[in-house]
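my questions concern the predicted model and sequence given below.
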Protein chains: 2
Amino acid sequence: MTIKDIAAYCGVSTSTVSRVLNDHPDVSPAVRDQVNEAIQALHFVPNNSARALVSTRSTAIGVVSRGVDNPFLSSLIRVLGREIHDQGYTMVLHQISTQADEIRAAALLEREKKLLGVIFLGGRFNYTKEELEPLTVPFVCCTYTNTFGDLTEDDYSSVSIRDEDEAAKAVQYLVDRGHRRIAMILDDPADYSIGQLRFQGYKRALAAAGIDYDPALAVFTGDYAMDAAYDYTMRLIDSGADFTAILAISDAIAIAAIKALTDRGRRVPEDCSVIAIDGMELSAYTVPTLTTLRQPAEEMALESARMLIGLIEGTAPHRHVLMETTLRPGDSVADISA
Amino acid sequence: MTIKDIAAYCGVSTSTVSRVLNDHPDVSPAVRDQVNEAIQALHFVPNNSARALVSTRSTAIGVVSRGVDNPFLSSLIRVLGREIHDQGYTMVLHQISTQADEIRAAALLEREKKLLGVIFLGGRFNYTKEELEPLTVPFVCCTYTNTFGDLTEDDYSSVSIRDEDEAAKAVQYLVDRGHRRIAMILDDPADYSIGQLRFQGYKRALAAAGIDYDPALAVFTGDYAMDAAYDYTMRLIDSGADFTAILAISDAIAIAAIKALTDRGRRVPEDCSVIAIDGMELSAYTVPTLTTLRQPAEEMALESARMLIGLIEGTAPHRHVLMETTLRPGDSVADISA
């Protein structure tokens, strides 16, 4: 019994049966049901014999994800896992804390698991050539580039958004609605990572709008934890600082900030507006709905997986893809310009 | 250069160095920094030679997770990944949609990836012996048992909560606060899964409190999607049904229900109370804070990984562990008994 028998039994192509087996979305429900019924009726268990024959070759692709509680990264991992599997490879997932070093984790993993390549999620932007020597397989930086490091464009691939520009866009959105006292809640201004670039974008947009940067309105929580974001927003409010809007570095941080504002009796958006960068599903259902710049998470993950497989199979060179966010309007920003 | 050299250089044990390398939490920051500095100064890359020597043996443990957008499962996967890795195995993660069949996915994966065992997350409760024949390695059901199937206790292991009892507990919490018109939002009443058991618990608790079950208050969304939960809650409100409280099958569903209530001008908890079962971090920061029965997610994942490794290594028999939820009180339930 092979996949061909199932295809013949159902009168469909073998690739259709394969798509059903791999739980692909692009099969009609009727065909899916028909194939599934045939599989059950015939007690078919696919053997993937073509793959079994070459199974001495490693199929392992490492995914090293930094920031374990980040729901944005979870959605990327889901898409990576599906694409890697569908292309005949195996995802070896390694999730590390924000404080851990993803390069060392990947170098360890490469040896232990015979990796063919690595996709990094949520890492630093300052890799050096020397530091990367232990890693001998190709890698793709997903969600970031090497802005602060000394790698050349031919050393690695990347899929990212323009973090500085996107943060500036978020600030401009607030400025356009009359806000001039704008706070920002971010992790660390000197982490050589997303936080640093978005902080630069915040300051650049303020300067462009003729607004002096006020250090009292820049809140550094140290990491991406919601409890820290809540506590630091409380402190900002209790400091008596004057602000009418907050830019949060992520949706989860924005939700924690809205909670702190609410617990201190400030209404969002009437007393304070909040905008973020991320676009997770859940923040579309919070009260108020969060206004946020949505990152194309699925597209970023898919592009990263395809890039790495192209590198592994030698069919594509290193590339650097920049994607755009899209504004997902919510109810968390008020226009106070009138 | 080996791990022993690093240990000697730092004057610590090799197991301490190992813990730092594996990003274990139980190392003091001072020792962690010292070891990391030594590793960088000596340009050490661990070779894991003991493992490399036996690398022809598979180390793969499959984790088949059903319900790809479920944030509760994401937190389980993170803990599973860490424990499996720390014990010298490799997690092969396969995430499938709620509609897909986890048994077939696992049987496929077992052949492709030479799995030693499988951990299922979020599956059905009605496996049959015949259906499981293709799966030849031990498996653990994490978050569920085989209530509706014909497996015996020696056929598999499980870690779960008592879903029926926990749903009854949530209803009783509402009844104790004066609620008698209680709606429930769940996926499917006949899915042989968590939904069915929690629905039974809901009806049992109503009966115990002398409240007639009203089918108009049982809302079946078909799956766990937030958009469906939002739409169905809207329909429930618009139907004119009389209710003062909602039990949601998960935190995410509760958040979508609160959004629908709010968008229809009903305040939570003043006009309608909401309680859920899950206990995700984010629902502690929604407005209002969600009252929920928190599942011990980390403990469930850790126990499942250890169980399966015990089975693989032949050091433990099949076991069935039942865990308890704990009430995480929020601001989403009002006492209307006065």
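Received it, and whenever you're ready, just let me know what you need.

and the next element down the chain from the helix-or-strand element of chain A with minimal mean pLDDT?
Lowest by mean pLDDT, DSSP states H and E among the helices and strands of chain A is helix A:49-53, with a mean of 38. Downstream of helix A:49-53, the first helix or strand assigned by DSSP states H and E is strand A:60-66.

and the helix or strand just after that next one with chain B, contact?
On the C-terminal side of strand A:60-66, the closest following helix or strand by DSSP H and E is helix A:71-86. Yes. On the criterion C-beta under 8 Å from any C-beta of the partner chain, helix A:71-86 is in touch with chain B at A:71, A:74, A:75, A:77, A:78, A:81, A:82, A:85. (Glycine included, C-beta is placed from N, CA and C.)

least confident pick among those?
On pLDDT alone, residue A:71 ranks lowest of the residues of helix A:71-86 next to chain B, at 78.

surely that residue is in contact with residue A:283?
No. In this structure residue A:71 lies outside contact range of residue A:283 using C-beta atoms under 8 Å: 9.5 Å.

get me the contact residues on the stretch 51-200 of chain A for chain B.
So far as C-beta under 8 Å from any C-beta goes, the stretch 51-200 of chain A lies against chain B at A:51-52, A:55, A:60, A:68-69, A:71, A:74-75, A:77-78, A:81-82, A:85, A:90-97, A:100-101, A:104-105, A:107-108, A:111-114, A:134.

neighbour count winner among residue A:71 and residue A:283?
The residue with more neighbours, out of residue A:71 and residue A:283, is residue A:283; 26 against 21, by other C-beta atoms under 10 Å in any protein chain shown.

what residues does the more buried one make contact with?
Counting by C-beta atoms under 8 Å, 6 or more residues apart in numbering or on different chains, residue A:283 makes contact with A:251, A:254, A:255, A:276, A:289, A:290, A:292, A:330.

quick check: closest non-adjacent residue to the fifth one.
Which is residue A:289. Excluding the flanking residues, the one nearest residue A:289 by C-beta to C-beta, 6 or more residues apart in numbering or on different chains is residue A:330, at 3.6 Å.

wouldn't the one you found be in contact with residue A:287 here?
No. The pair residue A:330 and residue A:287 does not pass the contact test of C-beta under 8 Å, sitting 10.3 Å apart.

wait, residue A:145 sits on residue A:125?
Yes. Under the criterion of C-beta under 8 Å, residue A:145 makes contact with residue A:125 at 6.4 Å.

follow-up on the earlier one: overlap of the contact sets of residue A:71 and residue A:283?
With contacts defined as C-beta under 8 Å, 6+ apart, the residues adjacent to both residue A:71 and residue A:283 are residue A:251.

how close does the nearest residue to residue A:177 once chain neighbours are set aside sit to residue A:162?
Leaving out its chain neighbours, the residue that sits closest to residue A:177 by C-beta to C-beta, 6+ apart is residue A:335, at 4.2 Å. Applying C-beta to C-beta, to the nearest Å, the value for residue A:335 to residue A:162 is 26 Å.

higher neighbour count, these two?
Between residue A:335 and residue A:162, residue A:162 has the larger neighbour count (other C-beta under 10 Å), namely 16 against 12.

got a ChimeraX select line for the buried ones in the residues of the stretch 51-200 of chain A next to chain B?
In ChimeraX, this line selects whichever of these come out buried by 16 or more other C-beta atoms under 10 Å in any protein chain shown:
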select /A:60,68,69,71,74,75,77,78,81,82,85,90,91,92,93,94,95,96,100,101,104,105,107,108,111,112,113,114,134
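
which residues in the stretch 101-250 of chain A form strands?
A:117-121, A:139-142, A:157-161, A:182-186, A:218-220, A:245-248 (DSSP state E, counting those that start in this stretch).

and the fourth one, C-alpha only, in CSV?
Output of strand A:182-186 as CSV, limited to C-alpha atoms (Å, rounded to 0.1, in the frame of the first residue of the first chain):
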residue,chain,number,x,y,z
ILE,A,182,5.1,61.1,24.3
ALA,A,183,6.6,58.4,26.6
MET,A,184,8.2,55.2,25.4
ILE,A,185,8.4,51.9,27.2
LEU,A,186,11.2,49.7,26.0
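
before we move on, the earlier item: just the buried subset of the contacts of residue A:283, please.
The neighbour count (16+ other C-beta under 10 Å) marks A:251, A:254, A:255, A:276, A:289, A:290, A:292, A:330 as buried among the contacts of residue A:283.

what's whichever strand or helix holds the second one packed up against?
Under DSSP H and E, the secondary-structure element containing residue A:254 is helix A:251-263. The criterion is 3 or more C-beta pairs under 8 Å, 6 or more residues apart in numbering or on different chains; DSSP states H and E, and the helices and strands that helix A:251-263 contacts are helix A:71-86, strand A:182-186, helix A:226-238, strand A:245-248, strand A:273-278.

what residue ranges in chain A are flagged as low confidence?
A:1, A:22-23, A:25, A:43, A:45-56, A:68-69 (pLDDT under 70).

give me that answer again for 90
Within chain A, the stretches with pLDDT under 90 are A:1-59, A:66-75, A:95-101, A:104, A:108-109, A:111-114, A:122-124, A:187-194, A:222-225, A:338.

wait, residue A:254 touches residue A:293, no?
No. Contact between residue A:254 and residue A:293 fails when scored by C-beta under 8 Å: they sit 11.1 Å apart.

need the residues touching each of those two.
Going by C-beta under 8 Å, 6+ apart, residues that sit against residue A:254 and also against residue A:293 are A:275, A:276.

and the angle from the one helix or strand residue A:303 maps to to strand A:273-278?
Taking DSSP H and E as the criterion, residue A:303 maps to helix A:297-312. Helix A:297-312 and strand A:273-278 are oriented at 20 degrees to each other (axes from the mean of the first three to the mean of the last three C-alpha atoms, to 10 degrees).

how about helix A:297-312 as CSV, C-alpha atoms only?
Once non-C-alpha atoms are left out, helix A:297-312 reads as follows in CSV (Å, rounded to 0.1, in the frame of the first residue of the first chain):
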residue,chain,number,x,y,z
ALA,A,297,4.9,37.5,11.1
GLU,A,298,3.9,34.6,8.8
GLU,A,299,5.5,36.1,5.8
MET,A,300,8.8,36.7,7.7
ALA,A,301,8.9,33.1,9.0
LEU,A,302,8.1,31.6,5.6
GLU,A,303,10.7,33.7,3.8
SER,A,304,13.3,32.8,6.5
ALA,A,305,12.7,29.1,6.1
ARG,A,306,12.8,29.3,2.3
MET,A,307,16.0,31.3,2.4
LEU,A,308,17.8,28.9,4.6
ILE,A,309,16.7,25.9,2.6
GLY,A,310,17.9,27.6,-0.5
LEU,A,311,21.3,28.1,1.2
ILE,A,312,21.4,24.5,2.3
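
nothing else from me, thank you.
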